[in-house]
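Asks: Predicted model and sequence follow; I will ask about them next.
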Amino acid sequence: MEKSSRTSRSHRFGILTATACLLALSLTSQAQSAFVRLNQVGYVSSATKRAYLLASGAETGATFTVKNSSGAIVFGPTAIGANLGSWSTKYPDVYALDFDSLVPAAAGTFSISVSGPIAAFSPNFKIDTATNVYSTALSNSLFFYENERDGPNFIATPLRTAAGHLNDQSAKVYVTPSMNSSGRFSGDLTLATFNGSQVTIDAAGGWWDAGDYLKFVQTHSYTVALMLVGIRDFPNQMGAGSANSNFTAEAKFGLDWLQSMWDDNNKIVYYQVGIGNGNAKTTSDHDIWRLPQADDTYNGCTFQFRYICHRPVFVNPTALNSSGQIQSGASISPNLAGRLAAVFALCYHEYQTSNPAYANQCLFSAEHIFDLANTAPSGNLLTVAPFSFYPETEWRDDLELGATELYFALQGCGTSCPAGPHPASYYLQQAAHWANAYITGPNDAADTLNLYDVSGLAHFELYRALSLAGNPGGTGLETNQTALAADLQKQLNKAIAQSASDPFGFGFPWATYDTTSHGGGLAVMAAEYNFIKGPTLNGATSPAVYANRQLANILGANAWGTSLIVNDGTTFPLCMQHQVANLVPMPPNGPPFLSGAAVEGPNSITANGTLTGMVACPPNGVDVFSQFNSKAVYKDFVQSFPTVEPAIDLTASSFLAFSWQMAGAPSGTP
C-alpha cells in the first residue's frame, strides 16, 4: 500500500464509526459567494506572497487591492490572476492573488479586498520579517509539547493542573497479545519475565501520543530526532539563543523517556505504554474520556479497570522466547533501531560538553541499538500494538539517518570519543549503504518527510556529512551528494506534480491522512533543497517559493480557510479530539487553547460517535466547513478523529518548517 494512500491512523479512539461528510448543496438554493484564502500567520516581507480567491462563479474582470490597517490602499487595484482550476461544483473557480511587488515601507497589518462580479474580503494578516511572522507559531509548538507531558514532571498551564499516570513509575512488562486491527484482544495479558523474575520498569514521563494517553517509542523517536536537529541547526530559534522557544528542556524530557524504554545493560527495548482497545473484561485507553490525573485511581482500580490504573508496558517481541522469557540482545526492528540510534547520537552531540556522563550513555545506546538492527525484516515492522495504528513499511531511511547521526557524533569528538565498536568512517559507509538501498528500493520517493519516511531529512543530513568528509570519491561509498540531491528532487517533483492537480497548489492529496504533517514536511524539504542546490526545481519552480506556499496551505490558504495548527492564525481548530482540550476549557471550544497542536487535517472521511463525559463541541453542532467539502472533507468536531485529532508526530514537521523560515539556513555543519 502506498503511503500516500494509506487509510488508517486508526488508533484514534477506535470505537468511533467513520462516516463520509460530503454534503450535496444545490447551487440554485445558495447565494453566490467568494472567499479570500491566505496564510493567516502572515507573509515575509522579502518573500513571495500569494492568496487565493475561491468563488462560486466566474470572476471575469475582477480586481483586488491590499489595504493597510488604516484602510489606505498600498497595492492595486490590479487584475486577479489566473484561474487555477475548479475546487468543487459549488465553488468551481479558484484564482491566484499575487502581490509579490508589495514591499511596505514598514511592517504592519493588511487585508485584501476583491471587487468584481462577486466581492470578497480577507481576514487581516501580517507582513513582517520572517522572525516576527513565525516566532509566535514556533513558541506555540513548544507549548503543545509542554502540555502533552505525562508523569510527575508536568508543567502547570491553564490546561494542565495535575500530573498524570504516576503509576507508570513502576510499570509491569507484558507480552504483546494477539490483537485484531482495532487493537481488541481476547483473554488477559501475560506477564513477561527476565531471568525467571517479573520485570518492572520506570516508564513515567514522555508525551501522550495524541488526544489519547498512550505512549509509543515509534512516535517519540521521530519527534525527538526532529527536535534535536532543530536545536542543533537553529540554536537562535529552537535552542539556547531563543527566549521564547527554547526546546532544549523539552527534548531532554523526551530523551529521558526513551532512555527509560531502552535497557542498555541487557540490550532490551520496550516499545509501548498502555493499550488502546480492550475487551469485555478490560477497559482500555480508548474506551473512556477523562483527564489524565484520573487514571491512577480510576473507578477504584477494580479488575475491569486494572490496565487503566496500572498500564502495561510491552517488550520487543523478538526478545521473547517461546516461554515468554525475555532474552538479552535480541534484534530490533530496523525502523525503531535507526531512529533510536539517531536520537541517541544527536543526544551525544547536544550534551557532550554540558553533561558528558549523560552524553556518553546516549552514545553507547546509539551504537548498541544500531548493531542490533534487523537488516532483513520480514512481515510487519514493529511500530505499535496493533500495527494498524501506525502501519509503517519503510525502514532503510531510518538506518540511513541513524548511521549519519552516529558519524556526526564520532567525527566531532575526535580522540575524546568514548571507546565504541566502530569508528566514524564505518557509520559513513553504513549511511551511504542504506541511502543507496532506499534510493534503489521499493519505496523510493513514494512519500515525503513525515513519521513514515524520514529520507527527506536523512538525505539532507548525509549530504552535509559527505561535505564534512571532504566529498570522498572512489572510496567504496555506495552513494554521493549528486544522488542524494537527485532523490530529494525526485520526491519534491512528485509533490509539485500533485500541486498542479490542486487549485491551491498543495503537494499532498487533501483526502489522505496526515495532510498537515506532510505540508510541514514539504516546506522543510524544499528549504533543504534550496540550501544545498537551489534555485529551481522541476525546471522552473523555486524551492523557496514552494516551501512558502506549502506552509501557507496548512496555515489557511486552503478551501476551508482554516489554519490546521491551533492558535496559528485567525481561524483554527476549536473542537479537537483531545481530552484535555475538550474537558478543561469553558466554553468547550476555548480559550484556553492547546496552542501549537497540528491536527490531522482534511481527509476522505470524518467520524461520529461519542463517549461518556465528552463535551459536545461545537455546542450548537453546526458544521461551518461543510459547504467547502469536495473530494476531501474537513470537520471541526470533537468526534472527528480523522480530521481534528492532534499528535506529537503531526506537529514535529511544523517547528522545523518555522525554524527554516526564520533562520534561512542552518547555523553550520554539525
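Replies: Thanks, I have it.
Asks: Not counting its neighbours along the chain, what's nearest Leu457?
Replies: Nearest in space to Leu457, with sequence neighbours left out and distances taken as CB to CB, 6 or more residues apart in numbering, is Leu449 at 5.9 Å. Using the backbone N, CA and C atoms, a C-beta is placed for each residue, glycine as well.
Asks: Helices along the stretch 301-450 of the chain, start to end?
Replies: According to DSSP state H, counting those that start in this stretch, the stretch 301-450 of the chain carries its helices in the segments 306-309, 334-351, 356-371, 396-413, 424-439.
Asks: Repeat that for the stretch 551-670 of the chain.
Replies: Secondary structure of the stretch 551-670 of the chain by DSSP H, counting those that start in this stretch: the helices cover 579-583, 641-644, 648-663.
Asks: between the ones you listed, which one is nearest to Ala34?
Replies: Of all the helices of the stretch 551-670 of the chain, it is helix 641-644 that lies closest to Ala34, at 24.3 Å by CB to CB.
Asks: Which elements pack onto the closest one?
Replies: Using 3 or more CB pairs under 8 Å, 6 or more residues apart in numbering; DSSP states H and E, the elements in contact with helix 641-644 are strand 606-608.
Asks: Export the helices of the stretch 551-670 of the chain to CSV and append columns for mean neighbour count and distance to Gln325.
Replies: What follows is these, written out as CSV (neighbours: other CB atoms under 10 Å; distance: least, CB to CB, whole Å):
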stretch, mean neighbour count, distance to Gln325
helix 579-583, 23, 37
helix 641-644, 29, 38
helix 648-663, 28, 33
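Asks: nearest to Ser323, of those?
Replies: Comparing the helices of the stretch 551-670 of the chain by CB to CB, helix 648-663 comes nearest, at 35.1 Å.
Asks: Run the chain-centre distance for the closest one.
Replies: With CA atoms, centre = their mean, to the nearest Å as the basis, the distance from the averaged C-alpha position of helix 648-663 to the chain average is 9 Å.
Asks: do you know which of the helices of the stretch 551-670 of the chain lies nearest Ser141?
Replies: Checking these against Ser141 by CB to CB gives helix 648-663 as the closest, at 4.1 Å.
Asks: Please export the C-alpha coordinates of the closest one as PDB.
Replies: Listed next in PDB are the C-alpha coordinates belonging to helix 648-663 (Å, rounded to 0.1, in the frame of the first residue of the first chain):
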ATOM      1  CA  ILE A 648       3.200  14.700  18.600                       C
ATOM      2  CA  ASP A 649       4.500  13.400  15.300                       C
ATOM      3  CA  LEU A 650       2.000  15.500  13.300                       C
ATOM      4  CA  THR A 651       3.300  18.700  15.000                       C
ATOM      5  CA  ALA A 652       7.000  17.800  14.600                       C
ATOM      6  CA  SER A 653       7.500  18.900  11.000                       C
ATOM      7  CA  SER A 654       5.900  22.400  11.700                       C
ATOM      8  CA  PHE A 655       8.500  23.500  14.200                       C
ATOM      9  CA  LEU A 656      11.300  22.700  11.800                       C
ATOM     10  CA  ALA A 657       9.500  24.400   9.000                       C
ATOM     11  CA  PHE A 658       9.100  27.600  11.100                       C
ATOM     12  CA  SER A 659      12.700  27.500  12.100                       C
ATOM     13  CA  TRP A 660      13.800  27.200   8.400                       C
ATOM     14  CA  GLN A 661      11.700  30.200   7.500                       C
ATOM     15  CA  MET A 662      13.100  32.300  10.400                       C
ATOM     16  CA  ALA A 663      16.800  31.300  10.100                       C
END
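Asks: Let me see the contact set for the residue nearest to Asn39 when sequence neighbours are not counted.
Replies: The shortest distance from Asn39 to any residue that is not its chain neighbour, by CB to CB, 6+ apart, is 3.7 Å, and that residue is Ala552. Counting by CB atoms under 8 Å, 6 or more residues apart in numbering, Ala552 makes contact with Leu38, Asn39, Arg50.
Asks: Out of those, which comes closest to Ser595?
Replies: Proximity of the contacts of Ala552 to Ser595, judged by CB to CB, is greatest for Asn39, which lies at 17.5 Å.
Asks: distance of the closest one from Val644?
Replies: Relative to Val644, Asn39 is positioned 20 Å away (criterion: CB to CB, to the nearest Å).
Asks: Hmm, Asn321 is touching Gln327, no?
Replies: Yes - taking contacts as CB atoms under 8 Å, Asn321 lies within contact range of Gln327: 5.8 Å.
Asks: more neighbours, the two?
Replies: The residue with the greater number of neighbours, taking Asn321 and Gln327 and applying other CB atoms under 10 Å, is Gln327; the counts read 14 against 9.
Asks: Could you check the pLDDT of that one?
Replies: The predicted local confidence for Gln327 comes out at a pLDDT of 96.
Asks: Quick check: it vs Leu382, distance?
Replies: Plainly put, Gln327 is 16 Å away from Leu382 if you go by CB to CB.
Asks: go on, Val622?
Replies: Using CB to CB, Val622 is found at 43 Å from Leu382.
Asks: Repeat that for Ser197.
Replies: Ser197 sits 24 Å away from Leu382 when distances are taken as CB to CB.
Asks: the more surrounded of these two?
Replies: Taking other CB under 10 Å, Ser197 and Leu382 do not tie; Leu382 has more neighbours (27 against 7).
Asks: Is it correct that that one is in contact with Tyr270?
Replies: No - counting by CB under 8 Å, Leu382 stays clear of Tyr270, with 11.3 Å between them.
Asks: Give me the common contacts of those two.
Replies: Asn316.
Asks: If I look at Gly590, what pLDDT would I see?
Replies: At Gly590, the pLDDT recorded in the model is 85.
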